[in-house]
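*Asks:* Build me a model:
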Amino acid sequence: MIFDAMQAKNACVSWIQAWFLKNGHDSNAVIGISGGKDSSVVAALCVEALGAERVIGVLMPNGVQKDIQDARLLVDHLKIKNYTINIANAYLALETAILEEIGLFSKQSATNMPARLRMTTLYAVSQSNNGRVVNTCNLSEDWVGYSTRYGDAAGDFSPLACFTVAEVKELGRALHLPETLVEKTPADGLSGFSDEDNLGFTYQVLDQYIRTGVCQDPVIKEKIDTLHRNNAFKLRYMDCFQLS
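*Replies:* Alright, predicted model coming up:
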């Protein structure tokens, strides 16, 4: 099936408008801006749905962020209110407290804690600005669990949850975003590697498998299937015991 980016864009804009009518007709959309395609597309969708005056971008470097100019390009392009809040002091203070108490701080903790601190920051900004926090994850990332639970996987609503990486790029072009943001190499900004380096396969292969069920490489197919099974819990509400 051919993806109609303009039709999808218009439908998503209408959905965002309807969501805000039900969940805060006068509230603002609060978005963590990384400078990547996902946050750029989400911000542009919200601007079209609500107007630039109701969209707030939050830039959250952890110390020095080498590509922060991409995030600034986006907020300047969309002409949205924005704040820059550096999470480095909070991160270092919490890392130090954990090390002092338990004597270790794992690599996984170092990778995921910034994402959770950023979500804490977004909710604080949101609650100080009559806001609703926008999730920026896409279908491809969610499919293989490439997100941090209670970090970038959190939010009040999710415009991109049914779109693959390739489709998000097409939405970006339909929204007339700068090509440098649409085609920017996806990276978590935490590990020092690209998404595809970390995953071990390309988004092109993943997107094709999601949409068609076809993956030519049986090793990659098994890897995708394993990641999907092992991370399915991230897409559910918390499992709860029920007393019968």
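
*Asks:* Please verify my assumption that Leu117 contacts Ala90.
*Replies:* Yes. Taking CB atoms under 8 Å as the definition, Leu117 is a contact partner of Ala90 at 5.6 Å. Yep, even glycine has a C-beta here, placed from its N, CA and C like the rest.

*Asks:* The closest residue to Ser158 other than its chain neighbours: how many residues sit nearby?
*Replies:* Spatial nearest neighbour of Ser158, chain neighbours left out: Asn135 (3.9 Å); criterion: CB to CB, 6 or more residues apart in numbering. Around Asn135 there are 22 other residues, counting by other CB atoms under 10 Å.

*Asks:* Let me know the next secondary structure element after the helix or strand containing Arg211.
*Replies:* In this assignment (DSSP states H and E), Arg211 forms part of helix 203-212. Scanning forward in sequence from helix 203-212 by DSSP H and E, the next helix or strand is helix 218-230.

*Asks:* export that next one as PDB, just CAs?
*Replies:* The C-alpha coordinates for helix 218-230 follow below in PDB (Å, rounded to 0.1, in the frame of the first residue of the first chain):
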ATOM      1  CA  PRO A 218      16.800 -15.000   8.800                       C
ATOM      2  CA  VAL A 219      19.300 -13.900  11.500                       C
ATOM      3  CA  ILE A 220      18.000 -10.300  11.400                       C
ATOM      4  CA  LYS A 221      14.400 -11.600  11.400                       C
ATOM      5  CA  GLU A 222      15.000 -13.600  14.500                       C
ATOM      6  CA  LYS A 223      16.700 -10.700  16.200                       C
ATOM      7  CA  ILE A 224      13.700  -8.400  15.400                       C
ATOM      8  CA  ASP A 225      11.300 -11.000  16.600                       C
ATOM      9  CA  THR A 226      13.200 -11.500  19.800                       C
ATOM     10  CA  LEU A 227      13.400  -7.800  20.500                       C
ATOM     11  CA  HIS A 228       9.700  -7.400  19.800                       C
ATOM     12  CA  ARG A 229       8.800 -10.300  22.200                       C
ATOM     13  CA  ASN A 230      11.100  -9.200  25.000                       C
END
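
*Asks:* the inter-axis angle of that helix versus helix 203-212?
*Replies:* Helix 218-230 runs at 70 degrees relative to helix 203-212, counting by axes from the mean of the first three to the mean of the last three CA atoms, to 10 degrees.

*Asks:* Put the alpha carbons of the lowest-mean-pLDDT helix or strand in the chain into PDB.
*Replies:* Counting by mean pLDDT, DSSP states H and E, the weakest-scoring helix or strand in the chain turns out to be helix 195-199, with a mean of 89. Presented in PDB, the C-alpha positions along helix 195-199 are these (Å, rounded to 0.1, in the frame of the first residue of the first chain):
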ATOM      1  CA  ASP A 195      20.200   3.700  16.500                       C
ATOM      2  CA  GLU A 196      21.100   1.300  13.700                       C
ATOM      3  CA  ASP A 197      24.500   0.700  15.200                       C
ATOM      4  CA  ASN A 198      22.900  -0.200  18.500                       C
ATOM      5  CA  LEU A 199      20.100  -2.300  16.900                       C
END
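
*Asks:* In this structure, mark out all the helices, start to finish.
*Replies:* For the chain, helices defined by DSSP state H occupy the ranges 5-23, 37-50, 68-78, 88-102, 107-127, 139-143, 165-174, 179-182, 195-199, 203-212, 218-230.

*Asks:* Give me the contacts around the fourth one.
*Replies:* With contact meaning CB atoms under 8 Å, 6 or more residues apart in numbering, helix 88-102 is reached by 61-63, 105, 109-110, 113-114, 117.
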